[in-house]
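In: sequence isn't available, so here's the structure alone:
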Ligand SMILES: O=C[C@H](O)[C@H](O)COP(=O)(O)O
Ligand SMILES: C=C(OP(=O)(O)O)C(=O)O
């Protein structure tokens, strides 16, 4: 890390202290993308694009922990998921959630990248390495990586390893995040807003599909004006609202109508978690089964499903006292491994049913 030329206090008159962080180029040269990992990233993007556009009749399954706080547990999960993904590859394109930045409703741990020590130490120089290294190791196991893009600087460190991105419910109305999406080299899912508005996701898709320009760190760490070409692969993700779900057939139909009326791509991804399961991890399996029923019934508008899943069901608080449970979420409660495998098999079976239904129609 080059320490000279970095101010130790914020220079803008704002409060706080500036801490030097390695440039994206430094981190990327320490943790390079190998040729074989680059192939996994590319194949994941290509498959996701084809599925979302309806050129490939499989379903995109974005599956994994709400957040990864323990790299060993994340990799153990990746190891198991890679096996299931390979077994179901004829029907599902499985992409693993490797969420390293967490948007919080009010307070809480903000993720491995900003706070790798989980202690409010905010060692971002370590965090960018931890995040990149984790993503490289997941992709190195043959699993394409999915993440939520939260800090506008993170893509300079990580985007080359990611095959699918999300703009979350709390940031989908933010111009910065829409600009970011317009320049990302991967399909990006726009979540409906946290209160349930689908319109804001459609607005975000429209904005991000066009060329934009914004300030961002370049590879050498100096700020550059990035001119984007617009992202043609943005799509909506239905994740439910504050007090009601939006995964039922009438919600899918109404979303597709709004997308078509706006001249936007009509493929829809549904998140079985968040507002769609009322944050009840046990209910996620039921929601996934109901989505599978719609797919098996011949609904071709549903192109993908998201699941929040980890090795152990539920969630835990890390209070520094108790022995942490290996493979259990410290943010949203997740479905456990066995339920995840059952849901993925149900979804794969539904895809086979949809193939038959569409051939017969
Ligand atoms: O998916 C993750 C959470 O829903 C999101 O980060 C908000 O979490 P919070 O409401 O616990 O802050
Ligand atoms: C924060 C997340 O989702 P949402 O933006 O839908 O709340 C998430 O998937 O981790």
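Out: The structure has been received and is ready for your questions. Being a predicted model, the structure only gives us computed values, none of them experimental. Ligands and ions are numbered 1, 2, ... in the order given.
In: gap between the closest residue to ligand 2 within the stretch 201-350 of the chain and residue 193?
Out: Nearest residue of the stretch 201-350 of the chain to ligand 2: residue 239, at 3.9 Å (C-beta to the nearest ligand atom). Every residue, glycine included, has its C-beta placed from N, CA and C. The spacing between residue 239 and residue 193, counted by C-beta to C-beta, to the nearest Å, is 9 Å.
In: same question for residue 77.
Out: On the measure of C-beta to C-beta, residue 77 and residue 193 end up 29 Å apart.
In: ligand 2 contacts on the stretch 251-361 of the chain?
Out: Contact residues (C-beta under 6 Å from any ligand atom) of the stretch 251-361 of the chain with ligand 2: 271, 274.
In: any stretches of the stretch 251-361 of the chain with poor pLDDT?
Out: Applying pLDDT under 70 to the stretch 251-361 of the chain picks out residues 320-321.
In: okay, strands next: where are they in it?
Out: Along the stretch 251-361 of the chain, counting by DSSP state E, counting those that start in this stretch, strands occupy 268-271, 302-308.
In: who's in contact with the residue of the stretch 201-350 of the chain closest to ligand 2?
Out: 169, 191-192, 246, 270-271, 273-276, 306 (C-beta atoms under 8 Å, 6 or more residues apart in numbering).
In: could you identify which of those residues has the most neighbours?
Out: residue 306 (30 neighbours; other C-beta atoms under 10 Å).
In: got a list of what that residue touches?
Out: Contacts here follow C-beta under 8 Å, 6+ apart; on that basis residue 306 touches 61-63, 97, 237, 239, 269-273.
In: point to the residue nearest the middle of this protein.
Out: residue 147 (3.3 Å; C-alpha atoms, centre = their mean).
In: is it bridged to anything, and to what?
Out: Judged by DSSP bridges, the bridge partners of residue 147 are residue 165.
In: how many residues are close by the residue nearest to residue 246 when sequence neighbours are not counted?
Out: In this structure, residue 246 finds its nearest non-sequential neighbour in residue 238, 4.8 Å apart by C-beta to C-beta, 6 or more residues apart in numbering. Neighbour count of residue 238, defined by other C-beta under 10 Å: 29.
In: would you agree residue 238 is in contact with residue 268?
Out: Yes: taking contacts as C-beta atoms under 8 Å, residue 238 lies within contact range of residue 268: 6.3 Å.
In: that older thread, pLDDT score for the residue of the stretch 201-350 of the chain closest to ligand 2?
Out: Here, the pLDDT recorded for residue 239 equals 98.
In: again with the one 3 residues further on
Out: Per-residue pLDDT puts residue 242 at 91.
In: list the buried residues in whatever helix or strand residue 27 lives in.
Out: Following DSSP states H and E, one finds residue 27 within helix 24-30. By 16 or more other C-beta atoms under 10 Å, the buried positions in helix 24-30 come out as 24, 26-28.
In: kindly report the same for stretch 67-83.
Out: Buried residues in stretch 67-83, counting neighbours by 16+ other C-beta under 10 Å, are found at 67-70, 73-74, 77-78, 81-82.
In: which two from those end up farthest apart in space?
Out: Greatest spatial distance in those: 69 and 82, 20.6 Å, computed using C-beta to C-beta.
In: fine by me, we can end here.
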